[in-house]
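Engineer: Pasted the sequence and its predicted model underneath.
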Amino acid sequence: MSEEFEGPPLFTCPHCESIVPAGDFCGHCGAHLVTEDRRRTHAFAAMPTEHVAHVSIVTTLFPHLPHRRGAAFRIALIAASAVVLLLAAFHLFAPATAAAVFALPALYLIYLYEVEIYESEPWLVIGATMVAGAILGFVSAFLFGGSLATRLITGDRGTAFGLEAIVIPVVGQLLMLAGPLFLYGVRPQFREPLDGLSFGAASALGFSLASSLTRLWPLMTQPLFASGSTIEWAVRLTQAGLLVMLINASTTASVAASIWMRRFDRRTTGRPWQTSLPASLAVAFGAHALLGVNAFFEQDLALDFAVVLLAAFALLLYLRLVIHDSLLVEGAEHEIGLESMCPECHRIVPTMAFCPACGAARAASPKARPRAGSGA
Amino acid sequence: MMASEPAGRYCGRCGAVIPPGASFCGRCGAPAALQAAVAQPTYRYPSAPQPPTTGRFRLAPALVAGILVVILIAAAVVVGGIAVAQFAAGSHPTCTSNCSPKFVTPLAEEASYRSTSFKFQVNYPAAWNVRSQDANGIELGTKLGYVSIVGSTGGNVDQVMQATVAGLPSSKFQNVTVVGSLKGAKIGNQDGSGEIYSADFVGASQTAIKVRFAVIVASRHGVTVALFALNPADAKTYPNGMAEGQAFDYLCTEFVWGG
């Protein structure tokens, strides 16, 4: 195969001024050469067939998955939703709640196994992220949840507001970042922003699982076939099992990716400001504080749900922007490697930071398989 | 096997290929005139000779959904089972210590409220904060919970009790269950009717806690007074599961009817 490969002509990329093989995309900086678009927002770096501003849970939370693999995870999400809906329809609210809060974290564990982000240290990575997150989530919900509800009963609204809008959001976000920051300190070999992003998401999902279960536990201790409004439970389960998970995962993953980006890209200038560490911190803490204020003042379940839904979508889009920018930054090292199959478009291309044919970032391919490849 | 490709037409906005003869981009609708300049040779890379198979992945596609569903069913059975078992074991445990009747001591510092509509007076600890009050009654935030005393004209005691419970917002009070009757319930020196309930109080961010509340209603000379007292549930330590039960007793004892 390689012997027959004549090779593409080389030329100088007008954006990064590197000598790169011809193609629709620069293999070094990822710019879309056809439209001369350095930012190429129409081609998400982890999944070039999608726009950056495209709401998708699978391609955002699981950026290492090749797009053909995404279908299996989409089907798994649909199957999980069906299980939860079925249980809730039969008024089995306690089992439905358990299934709902386990769905995304369990799928994320499968994803971590599938793409081997943890390399040779699965127990350390999963322990420091998902397990530590779950323990901290339980402690946090146990300490603050009851205290908040008691203050709402007694009418101590000042303290309740302080807890809901400041203490719980700030402490919660810091606790979700604790595990990833530990890994950042002790394992420098995890140096790519997508590593940090995955650790942040895993920690946040573990935290959300335990805190949701703890907060909802009193409602779960009821007869097997429980009374209660199915609609109310559907809203509650969607919020706890999906939206809160997405919000926590998006904010924590964004901040973690921004932290890792500082390790990976040591330039002090030229980084997009909107995905810098100060910006991601402002988005994360700001979003949690605003949602806390909304939860405190908004008594209507439907309106509260609508606000949380919008926030989840907006934060998911912000996370995509962080992923996109992180991957474009990762093009800093210039190398034209051997021909290998692009995991996204399955064309035989020179191994570079970006596929010259489809623009997919190699850093977003699974670690389970060699990223450089040895040719087809 | 592969060849250089002549420069094609591409949308200048989104980069999609514009078919020959098309006036607008099929993806974003931009005019075809907005096509990008192709400054460098494009190149068509060959496809891999063999299509990717499932063997390239650690898990077969069907296994992803299968494993997830198995995990969820296991979680539903184990975690849901524990929750249901906890309920079946009794969510209203009887008092096991410190449960003897308390001697009701007067409060060191107290405040009072007088209803201008129904002329009754109620004394309460000065440390409690007034959440609202009007001519008919008062709402107080206690150290751990909440209490309200509201008067009305006429009305059947049982009906007022039912209306008091039915009037609780369903979004906040869930799984309301009668725990038992309060024998010898009184408001002031007037015999009445009283019941203890358990419920789940759902606060901000869907945080839930177990609560107990008492509803005591008595009627005299055409005036019906309903007392509603709420505490976080602590059924293992306190009679009726209410830590401030003694203070609520005092409130009823010191109540003074009008007229």
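Structural biologist: That came through fine.

Engineer: okay, and for chain B, where does confidence drop off?
Structural biologist: Judged by pLDDT under 70, chain B has its weakly predicted residues at B:1-18, B:27, B:32-42, B:50-57, B:90-108, B:259.

Engineer: Okay, domains of it per the record?
Structural biologist: As given by automatic domain parsing, the domain ranges for chain B are B:8-39, B:110-254.

Engineer: can you redo these as CSV with distance to A:Thr238 and mean neighbour count?
Structural biologist: Where you see a C-beta, it was placed from the backbone N, CA and C, and this is true even at glycine. As requested, those are exported to CSV (distance: least, Cβ to Cβ, whole Å; neighbours: other Cβ atoms under 10 Å in any protein chain shown):
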stretch, distance to A:Thr238, mean neighbour count
domain B:8-39, 32, 16
domain B:110-254, 11, 18
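
Engineer: between the ones you listed, which gets nearest to A:Pro95?
Structural biologist: Closest approach to A:Pro95 among the domains of chain B (Cβ to Cβ): domain B:110-254, 16.4 Å.

Engineer: Which residues are in contact with B:Ala83?
Structural biologist: B:Ala83 makes contact with A:Ala94, A:Ala98, A:Trp217, A:Met220, A:Thr221, A:Gln222, according to Cβ atoms under 8 Å, 6 or more residues apart in numbering or on different chains.

Engineer: Low-confidence regions, chain A specifically.
Structural biologist: A:1-6, A:266-270, A:330-334, A:367-376.

Engineer: quick one, helices of it?
Structural biologist: Taking DSSP state H, the helices of chain A run over residues A:57-61, A:67-89, A:93-115, A:122-126, A:132-154, A:157-162, A:168-186, A:193-220, A:230-238, A:244-264, A:277-297, A:301-329.

Engineer: Tell me which of the ones you listed sits most buried.
Structural biologist: Across those, averaging neighbours per residue (mean count of other Cβ atoms under 10 Å in any protein chain shown) puts helix A:193-220 on top, at a mean of 28.

Engineer: A:Ala22: which of the helices of chain A is closest?
Structural biologist: Among the helices of chain A, helix A:301-329 comes nearest to A:Ala22, with 19.9 Å by Cβ to Cβ.

Engineer: How far away from the center of its chain is the closest one?
Structural biologist: In terms of Cα atoms, centre = their mean, to the nearest Å, the centre of helix A:301-329 is set 10 Å apart from its chain centre.

Engineer: cool, and stretch A:243-258?
Structural biologist: Distance, stretch centre to chain centre, for stretch A:243-258: 6 Å (Cα atoms, centre = their mean).

Engineer: For the helices of chain A, give me TSV that also has distance to chain B.
Structural biologist: Formatted as TSV, these follow (distance: least, Cβ to the nearest Cβ, whole Å):
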stretch	distance to chain B
helix A:57-61	11
helix A:67-89	4
helix A:93-115	3
helix A:122-126	12
helix A:132-154	4
helix A:157-162	7
helix A:168-186	8
helix A:193-220	4
helix A:230-238	6
helix A:244-264	9
helix A:277-297	4
helix A:301-329	6
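
Engineer: The ones you listed into CSV, with extra columns for distance to B:Pro169?
Structural biologist: As requested, the helices of chain A are exported to CSV (distance: least, Cβ to Cβ, whole Å):
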stretch, distance to B:Pro169
helix A:57-61, 33
helix A:67-89, 22
helix A:93-115, 19
helix A:122-126, 42
helix A:132-154, 12
helix A:157-162, 17
helix A:168-186, 23
helix A:193-220, 15
helix A:230-238, 12
helix A:244-264, 23
helix A:277-297, 15
helix A:301-329, 11
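
Engineer: Distance of A:Ser81 relative to A:Ala96?
Structural biologist: Distance of A:Ser81 to A:Ala96, computed by Cβ to Cβ, to the nearest Å: 11 Å.

Engineer: Please name the residues that touch the nearest residue to A:Leu242 once chain neighbours are set aside.
Structural biologist: Excluding the flanking residues, the one nearest A:Leu242 by Cβ to Cβ, 6 or more residues apart in numbering or on different chains is A:Leu104, at 7.0 Å. Neighbouring residues of A:Leu104 by Cβ under 8 Å, 6+ apart: A:Leu61, A:Leu205, A:Ser208, A:Gly241, A:Leu242, A:Met245, A:Leu246, A:Ala249.

Engineer: Any idea which of the helices of chain A gets closest to B:Phe118?
Structural biologist: Closest approach to B:Phe118 among these (Cβ to Cβ): helix A:132-154, 25.8 Å.
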